[in-house]
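Sequence and predicted structure, then a few things I'm wondering about:
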Amino acid sequence: MTQAEQILAALKAGRTVTPLEALNEFGCFRLASRVLELREQGHAIVTEKITTPTGKHVAQYRMR
């Protein structure tokens with residue numbers, strides 16, 4: 001399964017995915033690029049900006 005397929009499966013299962021989760025779970029260093037590929041295939045993926053417990057601002061992706 002490709003990284004994009006794994007990410008899509010996680011999103012379709014109702015999960016959210018952040019860049020750190022994508023790196024740890026899927027070995028994906030470029031989550032935004034994989035999400036763009038999925039959007040170009042017609043998948044409705046929403047980006048939300050969140051603040052982590054350590055105060056960092058990151059993108060979090062989910063299905064619409």
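Received the coordinates, thanks.

The residue nearest to Arg15 when sequence neighbours are not counted: what's it in contact with?
With CB to CB, 6 or more residues apart in numbering as the criterion, Arg15 has its nearest non-adjacent residue at 7.7 Å, and that residue is Arg62. In short, each C-beta sits where N, CA and C put it, glycine included. Counting by CB atoms under 8 Å, 6 or more residues apart in numbering, Arg62 touches 11, 15-17, 45-46, 48.

How about Thr54?
Here Thr54 is in contact with no residue (CB under 8 Å, 6+ apart).

what about it, is that helix, strand or coil?
The three-state label given to Thr54 by DSSP: H, G, I helix; E, B strand; the rest coil is coil.

And it, how close does it get to Leu20?
11 Å (CB to CB, to the nearest Å).

Spatially nearest residue to the residue positioned nearest the centre of the chain (excluding sequence neighbours)?
Among the residues of the chain, the one closest to the centroid is Val17, at 4.0 Å (CA atoms, centre = their mean). Computed as CB to CB, 6+ apart, the closest residue to Val17 that is not its neighbour in sequence is Tyr61, at 5.1 Å.

cool, Arg39 as well?
Nearest to Arg39 is Ile45, by CB to CB, 6+ apart, at 5.7 Å.

Specify the beta-bridge partners of that neighbour.
Assessed by DSSP bridges, Ile45 has beta-bridge partners Met63.

That one - how many residues pack around it?
Applying other CB atoms under 10 Å, we find 17 other residues in the vicinity of Ile45.
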